[in-house]
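Undergrad: 3D, please:
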Amino acid sequence: MNAAPSKRLRLGRSSRLTQSRDFARVRLQGQRLALGCLIANWHKLADGSAPKLGVVTSKKIGGAVQRNRARRLLRESFRQHQHEFAEPVELVLVARNSIAGRSFAEVEKDFLAALRRARLLKN
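TA: Numbering: from 1, shown residues only. Predicted coordinates for the structure are as follows:
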């Protein structure tokens with residue numbers, strides 16, 4: 001039996017940025033950091049909100065299979081670490097060309113390094 005209740009690691013519709021105006025707002029009003037295979041754009045939200053994610057993949061990465069895999073890897077990295085943010089943010093991750101052919105561990109490493117450098121994670 002678990003002694004402490006674990007936090008849910010779901011990534012539902014309410015945790016995603018879907019409209020282009022949301023992406024534009026994060027890009028214009030937020031901050032930006034490029035590191036490894038991704039570019040992170042973020043905009044802080046009011047306290048009590050849940051972090052939200054948007055993912056951008058361009059055709060420069062490759063065909064549909066490569067772009068979909070890149071999106072899945074970035075979403076999974078966010079999903080597993082969504083409860084580690086110091087404060088709620090809207091996060092837009094832009095996949096760079098170098099993401100093609102990378103493993104989940106490599107993408108997750110770049111994701112965490114970018115968030116640490118941006119001081120978005122707890123401790």
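
Undergrad: Which SSE is immediately downstream of the lengthiest helix in the chain?
TA: Criterion DSSP state H: the longest helix present in the chain is helix 64-81. Where DSSP states H and E defines the elements, the next helix or strand beyond helix 64-81 is strand 89-95.

Undergrad: all strands for the chain, in order.
TA: 31-35, 38-44, 52-56, 89-95 (DSSP state E).

Undergrad: could I get the second one in CSV with only the CA atoms?
TA: So that's strand 38-44. These are the backbone C-alpha positions of strand 38-44, laid out as CSV (Å, rounded to 0.1, in the frame of the first residue of the first chain):
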residue,chain,number,x,y,z
LEU,A,38,14.1,22.3,-28.0
ILE,A,39,13.2,25.9,-27.5
ALA,A,40,11.1,26.7,-24.5
ASN,A,41,8.8,29.7,-24.4
TRP,A,42,6.9,30.3,-21.1
HIS,A,43,4.6,32.8,-19.5
LYS,A,44,3.7,32.7,-15.8
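
Undergrad: Tell me the helices and strands packed up against it.
TA: Applying 3 or more Cβ pairs under 8 Å, 6 or more residues apart in numbering; DSSP states H and E, we find strand 38-44 packed against helix 20-29, strand 31-35, strand 89-95, helix 104-117. No exception for glycine: its C-beta is placed from N, CA and C like everyone else's.
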